[in-house]
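Visitor: requesting a structural model of the entry that follows:
(2 chains)
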Amino acid sequence: MPGMNSGVNVNDPTVVAAFKAALLHQGLIALLIFFVVGLVWLSLRAWLPSRAGAASASPGPAAPAPAEPAWRQVLRIGFGTLWLLDGILQAQPKMAIGLPSQVIGPTAASSPHWVQQVVNWAGTAWSYHPMQAGASAVWIQVGIGIWMIAASRGPLSRLVGLVSIGWGLVVWAFGESFGGIFAPGLTWLFGAPGAVLIYAIAGALIALPDRAWHSRRLGRAVLAGTGVFLVGMAILQAWPGRGFWQGTVQGQPGTLATMTSAMAPTPQPHVLSAWITAFTGFDEAHGFAVNLVAVVALSVTGAAFLSGRPRLIRPVLVCFTVLCLADWVLIEDFGFLGGLGTDPNSMIPMTLLAVAGFLALTRAPATAPEAAPATEPATAARWPSQWRDRVRPVALRQSAAAASIQSVASVGAIGLIVLGAAPMAASQASPVADTILAQAIAGSSNPVNFPAPAFSLTDQHGRSVTLASLRGKVVLLTFLDDTCSVDCPLIAQEFRQAGQLLAAESRHVELVAINYNPVNTQVSYIQAFDRQEGLNGIPNWLYLTGTTPQLRQVWRQYAVGPPEILPAGSMVGHGDYAFVLDQAGHMRQELNFDTGPGTQATKSSFAAELTDAARQLLAGK
Amino acid sequence: MRIAAPSAAAAGVLAAAVLAAAALIAGCGTAAPAAPGPAAEVTSSGAPFLATSVGTPSGSWAVAVMGGSAATHDNFWQLFVRPAGVSVWKLATPPGTPDNGGLVVAAGGPSVVTAFRPSQYLTYTPLTATSNGGQAWASTGPLDGVLANIPDALTAAPGAQRLLALLAGGTVELAAAPYASWKTIATQRSIAATPAGRHCGLQALTAVSFTLTGLPLVAGTCSHPGRAGVFADTGGTWDAVGPALPGALSRERVTVLRLIRTESQTVAVLAASPGQAASSGQAASLLGAWSADNGRHWTVSPVLPLGGAALASASFGATGTTAVITTTGRADVITAAGGQWRALPVPPPGTATLAVGPGGEIDALAVHRATLTVWQAPAGGSGWKLAQTISVPIQYGTSG
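Guide: Take a look at the predicted model:
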């Protein structure tokens, strides 16, 4: 998938340092957000203590707030903690570059083409702006986690459920390739239907209104849905020909053993690796029995959940929890150890959901919800006047003063989410990749200021061109070997894209290349190169050549080193350079222009770097 | 989730929510547009079939691929020359241009033109010429297109004043020295539409050459059985000038695998097959054909059964002697018109191509990484004798 890989090393020190710096910077802002919100709250409480108390009492005969049921606490705190952990995992240094190529790409690899296209779109967006994307994932998920844990009731608590649904579905679709449900190897053992889809389901339950909290029907519905899913997974697990019934197939590990054997070597404590290796060996030897246990366990659990009978469900739930934990340790390998783990995978969320469903079925209080129906019509009737009252400045201040510390933390968490999403959203306004990619590959530019050496060469149309004739324009200059088969075409495209990015400003900029091949110096060659690269119609593009002695003189004057003619069929050896000349013919920047892997992201990044340099000079900087 | 967990979660992707927010905040910001970019990467490796040798009055030229993997562009095609009157080979690969896509040599008298098939992002074909046996090369051309991946995709007219090229898309182009301006003279489709092309049922073009008098020749695969597709441009019309085939081949489809011009005749190597395999080289049998009068009359060799193999390389001596090796490692040689196929000793391991010496002796050029080993089978000899080893200074990693 072309957009998935920016081509930059995941451990690139430039990117890693920039990512850490971005997180640190935004982390300080996050602390500031909490500080300011807290300060405002404390101040309002100090200034308006009595009114705050009055305000809290002002609605009059409001319904007693129902106690949050245990199932909801399990979901809210459990999934809030998971979001928090996921956000922390997103802060791994490799994540900015590595997530598209090492997590999303492999996940989507076995999915249908349309899934890959959808996922590639998001991967490309991430690859172009790895700093903003990486940081936004951190803060959005940390924000959701804090918010979910802090907000136990009221509109803010329900709202975080909706946010969890939204972000969960986004991650499920683009990050998990729809949980792999369209891929041929779908199995509950490996994480189907995708952990974050369960986050979204939990979000939906958290977002339910208070009146739905204490209904046993909710618990029955949750367990029944889970039961149907588990029975379906059991059928899929039992389906012949998918490689689960065999521990080994023609001497090779079966599907499950292949998966677990791939997990064992990842960096993790030896004891865990030893467990997985042992389980792999056991599965290879007793593949049929292992799969039989899985099929039976899923079927029985699913049937029990569907029955809706607490006495039957209770022991099954205990066994199911044990099964999930065993799968989590032995097959999913905790989900995040080693490699680029982004979450603890599906077994913990699955267990939380099942436990919450059971609690909803068995621990619904009989009395609390009764008051709600009586008060709600009256509340609804007063709603228009209440709404106007509530938005008055005084009322707002009073509400803020009366808010709980959980609400204040929720508001701070919302600030965190905005902190993460806003820079990424803003970066999407730019159609080009961040210059950090180019800097990671080739280093930063070197500012200089001296007269550029003069030259007189022939352009692609056979006309004589001197440096002096380009005075008054910013010159973006490079050296291109016209029969180079890798770097030079990439550099040419970077220059071409820079010209496009400059748009109307490009009439004040000349894109100039000087032939860097001492053998193929004819105009016919640079014309062929221009046609190859689609450069022949660009009015401000000049590809200059000359006799070999003329070219050697220019190479020497610009200190780019003479190209080395290598034997035995190699291309000419040369460096990759770019120079930025100002309108007075002064050299202002030298750029190492090693194109690196030449992905769309890096090409775009180099083009952005050139464009920035040209714009600085056009702005008179 | 983590690497290698195919269905585990990836809670951390940037996606629609942020992008939707982007749309709200910044209008319809988009990810980078698909840049036109360099043209699609050209398939890098020439088929092994490009390995060949040809004898000329000034010496013998041989092409072979050496080095490492074509997939990583560590394969480098090499040109070797054995000047007339000299018994040893020497490296003559033209410098300054990458040749990972393959080398194609066209000899026209004392001049030899070499084409570098493009690879990776390059999509045109650089040319270079020598008139002193490869001691010095001068850039010429280029050919603005991808030369076909076959050994007879480029040919020089007598005196090398004109070049004829077959491009990958089936276009035939002609240029006069210095070969910078090319003109399309035919396409596979246009020749197929001629009476001669229809009679042949022309399916693909496989070789270009010149007659002894300088008429362009084009050869291909006929879908109609028993017909050999060789066409000559006689003043703007393409006439069938292929050899009449033996009656035993009247039900077989025939492909002209090689078509070259020596000093005194045109030589063709044809493959005959009962089915589709003919066009892929998986032929049932080979035969040679020689014409000394622009294709009006041909002498056709006996059939050489291939036994399920394919032609791996064909080599030509200056007088038209033809030596072939097959994909199963079998080697045979036939002297010009009227001769019989003669089995050679099994070639040494790694033999890329054979070379026919002026005295009828056969060299086997064997390749292992950066080493070329020359083995010789004297005329009438029964085995191969080590004659020479050339260590080629391949610069690994310079073209990938």
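
Visitor: next secondary structure element downstream of the helix or strand harbouring A:Ala578?
Guide: Counting by DSSP states H and E, the element that carries A:Ala578 is strand A:577-581. Using DSSP H and E, the helix or strand that follows strand A:577-581 in sequence is strand A:586-592.

Visitor: anything in whatever helix or strand comes next after that next one near chain B?
Guide: As assigned by DSSP H and E, the chain's next helix or strand after strand A:586-592 is helix A:600-618. Yes. Helix A:600-618 reaches chain B (CB under 8 Å from any CB of the partner chain) through A:600-601, A:603-604. (Each C-beta comes from the backbone N, C-alpha and C, glycine too.)

Visitor: could you identify the most distant pair in these?
Guide: A:Ala601 and A:Lys603 (7.4 Å; CB to CB).

Visitor: how close does A:Gln583 get to chain B?
Guide: 28 Å (CB to the nearest CB, to the nearest Å).

Visitor: where does the stretch 151-300 of chain B have low pLDDT?
Guide: Applying pLDDT under 70 to the stretch 151-300 of chain B picks out residues B:275-282.

Visitor: so the residue of it found nearest chain A: helix, strand or coil?
Guide: Relative to chain A, the nearest point of the stretch 151-300 of chain B is B:Ala180 (3.9 Å; CB to the nearest CB). Three-state call for B:Ala180 (DSSP: H, G, I helix; E, B strand; the rest coil): coil.

Visitor: check contacts around the closest residue to it other than its chain neighbours.
Guide: Nearest residue to B:Ala180 in three dimensions, chain neighbours excluded: A:Ser524, at 3.9 Å (CB to CB, 6 or more residues apart in numbering or on different chains). Counting by CB atoms under 8 Å, 6 or more residues apart in numbering or on different chains, A:Ser524 touches B:141-142, B:180.

Visitor: let's see it at 10 Å
Guide: A:Ser524 makes contacts with A:460, A:482, A:545, B:124, B:127, B:139-142, B:144, B:178-181, as judged by CB atoms under 10 Å, 6 or more residues apart in numbering or on different chains.

Visitor: and the helix or strand hosting B:Thr373, what's buried?
Guide: Element membership for B:Thr373 (DSSP H and E) is strand B:371-377. Going by neighbour count (16 or more other CB atoms under 10 Å in any protein chain shown), the buried part of strand B:371-377 is B:372-377.

Visitor: and what of stretch B:170-180?
Guide: B:170-175, B:177, B:179-180.

Visitor: same deal with stretch B:325-340?
Guide: Within stretch B:325-340, the residues scored as buried using 16+ other CB under 10 Å are B:325-327, B:330-337, B:339.

Visitor: how about stretch B:194-204?
Guide: B:194, B:196-197, B:200-204.

Visitor: tell me which of those fall in strands.
Guide: Within those, residues falling in strands by DSSP state E are B:202-204.

Visitor: wait, isn't the residue of the stretch 151-300 of chain B closest to chain A in contact with B:Tyr124?
Guide: No. Using CB atoms under 10 Å, B:Ala180 is not in contact with B:Tyr124; the gap is 11.4 Å.

Visitor: what is in contact with those two at once?
Guide: Counting by CB under 10 Å, 6+ apart, the common neighbours of B:Ala180 and B:Tyr124 are A:524-525, A:527-528, B:141-144.

Visitor: stretch A:100-111 near chain B anywhere?
Guide: Yes. Against chain B, stretch A:100-111 shows contacts by CB under 10 Å from any CB of the partner chain at A:100-111.

Visitor: pLDDT of that stretch, averaged?
Guide: Averaging pLDDT along stretch A:100-111 yields 83.

Visitor: try stretch A:342-350
Guide: The average pLDDT for stretch A:342-350 rounds to 92.

Visitor: buried sites along stretch A:294-312?
Guide: So for stretch A:294-312, counting by 16+ other CB under 10 Å, buried means A:294-295, A:297-302, A:304-308, A:310.

Visitor: what of stretch A:17-27?
Guide: Buried residues in stretch A:17-27, counted by 16+ other CB under 10 Å: A:18-19, A:22-23, A:26-27.

Visitor: same check on stretch A:407-414?
Guide: Result for stretch A:407-414 [16+ other CB under 10 Å]: buried residues A:407-414.

Visitor: next SSE downstream of whichever strand or helix holds the residue nearest to B:Ala180?
Guide: For A:Ser524, the host element (DSSP H and E) is helix A:523-533. For helix A:523-533, the succeeding helix or strand toward the C-terminus, using DSSP H and E, is strand A:541-544.

Visitor: and that following strand, what does it pack against?
Guide: strand A:456-458, strand A:464-466, strand A:474-480, helix A:487-502, strand A:509-515, helix A:523-533, helix A:548-557 (3 or more CB pairs under 10 Å, 6 or more residues apart in numbering or on different chains; DSSP states H and E).
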